[in-house]
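Asker: Here is a sequence with its predicted model. Questions after.
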Amino acid sequence: QVQLVESGGGLVQAGGSLRLSCAASGRTFSSNAMGWFRQAPGKERDFVASISWAGGITYYADSVKGRFTISRDNAKNTVYLQMNSLKPEDTAVYYCARSGERVATRTTVWGSWGQGTQVTVSS
């Protein structure tokens, strides 16, 4: 059973930065793609970014390209989301997810989810 625990959320002004972390348990972390999703109030959960098992392939939603960067440290079983130039529309609960595949996109089945961390961007 994989457990994912997000951290790093908070309140930030527009234009600011935050770095989210997701710590994963389990020995298979380095074998699987990881991703970040977000859900704003009253909206569906949306794909934000994903990273392949070794970190060489990344995908981003158009809305965050050039502002967000996903990375991973397999030695620490942790995946990160660096968020720069934040906008009020980035306000959401951000979720970490683990795929059963080595490379995953927005349409891949994501089998494990964290509890989420709140990001609020004020204008």
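Answerer: Cool, the structure landed.

Asker: Could you report the separation of G16 from M83?
Answerer: Using C-beta to C-beta, to the nearest Å, we find G16 at a distance of 9 Å from M83. Where you see a C-beta, it was placed from the backbone N, CA and C, and this is true even at glycine.

Asker: Looking at the two, which is more packed in?
Answerer: Counted by other C-beta atoms under 10 Å, G16 and M83 do not tie: M83 has more neighbours, with 26 against 14.

Asker: Now the nearest residue to S25 once chain neighbours are set aside. Its backbone dihedrals?
Answerer: Excluding the flanking residues, the one nearest S25 by C-beta to C-beta, 6 or more residues apart in numbering is Q3, at 4.5 Å. Its backbone dihedrals place Q3 at phi -120, psi 140, with angles given as degrees, to the nearest 10.

Asker: which ones are touching Q3?
Answerer: 24-26, 112 (C-beta atoms under 8 Å, 6 or more residues apart in numbering).

Asker: Now the buried members of these.
Answerer: Buried residues within the contacts of Q3, defined by neighbour count using 16 or more other C-beta atoms under 10 Å: 24, 112.

Asker: Pick out whichever of the contacts of Q3 sits closest to T58.
Answerer: Set against T58, the nearest of the contacts of Q3 by C-beta to C-beta is A24 (17.5 Å).

Asker: does I70 really touch V79, like I thought?
Answerer: Yes: because the distance of 6.9 Å satisfies C-beta atoms under 8 Å, I70 is recorded as touching V79.

Asker: Overlap of the contact sets of those two?
Answerer: Common neighbours of I70 and V79 (criterion: C-beta under 8 Å, 6+ apart): 34, 36, 51.
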